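Novice: Need the 3D shape of this:
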Amino acid sequence: MQIQNLKTPALVLDINRVKRNAENMANRVRSFGAILRPHIKTHKCVEIAQIQTAGQFNGLTVSTFAEARAFVSKGFRDITYAIPIEAGKFVEACEISRDCERFAVITDDSTVPGLLNETAKRSNVKLDVFLKVDCGYHRCGVEVNSPDAYEIPRMIADSSNLRFAGILTHAGHSYHARSKDELLEIGKNERDLMREFAFALKAKDIEVPCISIGSTPTLSCVDHLDGIDEARPGNYIFYDAFQATLGSCSFDDCALTVLAAVIHRDPVRRKIVVDAGAIALSKDMGAIEFDSHCGYGRVFDLWGNNLNLRVNSLSQEHGIIKVENEEVFERLTVGARVRILANHSCLTAAQHSHYNILEGERIVDRWGIERGW
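Specialist: Alright, predicted model coming up:
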């Protein structure tokens, strides 16, 4: 099928860029002596996970139990659920673990190990449990100098039906770095803090089987991963306008766009309206700290040529684009197609049911997205 024949709005995935991004990150992590455990929340797609893990470690990171169940059913048996677990999910975690070789959860709360152990014992399963560590993001995780940083691992290790899996962190604050040098410093701190904390735990006779870190920005520029066991980037498989603005990649690395049709032209106000709104793109403002005019996505023509336009505003099903250039405005007649590179590919992908796989200039396949919780 030709791309222009897709019903709009449509999620278009450049498969050659996906494969290149997968190979580049796999080679980078391997060269650092660590294992790649990709975070599949970006794409939620079995076929893409198979590309990411081809010929290497088969472990994945997930953000929802729906993702875990879907990927386990397709043969992925080593899963880390990287959201702090709470009591309402204990039973389901135990159920999922029965179908896995290893199912790991995370916590930063001292009340969780005892209660989780009781549920695991009643369910007759053993769960791996990571300690979630705060390396500067301040969203979740224990501070490494807090009493809980040592008490929680000991509680897990002393439990009958839990295994202490190690320590895990995410440098989400890297998304606010204003230069590659600042990104590098955040990446170094993420690595060094976790490595030093592991030494401190071992000094208190707490073995640390795995040190797990990872974000796409930090892994794009960190100088080494000595002492780190695994990395868990996710966004690298698609990248997006935010990552390219941040410097984690180039715009030529960005693999995911939304195909949209022009549905209205306004020559007086110098704007066009497309049929991709908040439901198709999400309302993530992206790298507004670095680019105050980033809007809701960059606009390209059907063949991926940059039109130097942004989606300036959104309603549910409408995207409004200001077009000052007369030549470009004349090209964008009602029915014309554009491709929008969204600010945040993870949120954009989650708005859709499937990917339309682009190879060269043709749509060659359709891959489903495992949504829900």
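
Novice: So which residues of the stretch 101-250 of the chain form strands?
Specialist: 102-107, 127-133, 162-169, 211-213, 230-231 (DSSP state E, counting those that start in this stretch).

Novice: Please produce a markdown table containing the ones you listed, extended by distance to Asn308, mean neighbour count and mean pLDDT.
Specialist: (Glycine included, C-beta is placed from N, CA and C.) As requested, the strands of the stretch 101-250 of the chain are exported to a markdown table (distance: least, Cβ to Cβ, whole Å; neighbours: other Cβ atoms under 10 Å; pLDDT from 0 to 100):
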| stretch | distance to Asn308 | mean neighbour count | mean pLDDT |
| --- | --- | --- | --- |
| strand 102-107 | 43 | 23 | 98 |
| strand 127-133 | 42 | 26 | 98 |
| strand 162-169 | 38 | 24 | 98 |
| strand 211-213 | 37 | 26 | 98 |
| strand 230-231 | 35 | 24 | 98 |
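
Novice: Can you check which of the ones you listed gets nearest to Val258?
Specialist: For Val258, the closest of these is strand 230-231, at 28.8 Å, according to Cβ to Cβ.

Novice: What helices and strands are in contact with the closest one?
Specialist: With contacts taken as 3 or more Cβ pairs under 8 Å, 6 or more residues apart in numbering; DSSP states H and E, strand 230-231 sits against strand 35-36, strand 211-213.

Novice: Tell me which other helices or strands the next helix or strand after the shortest one touches.
Specialist: Tracing the chain past strand 35-36, the next element assigned as helix or strand by DSSP states H and E is helix 46-53. In terms of contacts (3+ Cβ pairs under 8 Å, 6+ apart), helix 46-53 is packed against helix 15-31, helix 65-73, strand 362-368.

Novice: just how off-centre is the following helix or strand past helix 46-53 within its chain?
Specialist: Once the chain leaves helix 46-53, the next helix or strand it forms, by DSSP H and E, is strand 60-62. Strand 60-62 sits 10 Å away from the centroid of its parent chain (Cα atoms, centre = their mean, to the nearest Å).

Novice: same thing with stretch 42-57?
Specialist: Taking Cα atoms, centre = their mean, the mean C-alpha location of stretch 42-57 is offset from the chain mean by 13 Å.

Novice: What of stretch 320-330?
Specialist: Relative to its chain's centre, stretch 320-330 lies at 33 Å (Cα atoms, centre = their mean).

Novice: With stretch 292-306 instead?
Specialist: The answer for stretch 292-306 is 21 Å, by Cα atoms, centre = their mean.

Novice: Kindly check the end-to-end length of that stretch for me.
Specialist: End-to-end span of stretch 292-306 (Cα to Cα, to the nearest Å): 19 Å.

Novice: What are the contacting residues of it?
Specialist: Contacts of stretch 292-306 with the rest of the structure, by Cβ atoms under 8 Å, 6 or more residues apart in numbering, involve 3-4, 14, 241, 245, 251, 257-259, 281, 283-288, 307, 309-314, 319, 321, 331, 337-343, 361.

Novice: quick one, what contacts the closest residue to Lys188 other than its chain neighbours?
Specialist: Spatial nearest neighbour of Lys188, excluding adjacent residues (Cβ to Cβ, 6 or more residues apart in numbering): Val222 at 6.6 Å. Residues near Val222 by Cβ under 8 Å, 6+ apart: 32, 184, 187-188, 190-191.
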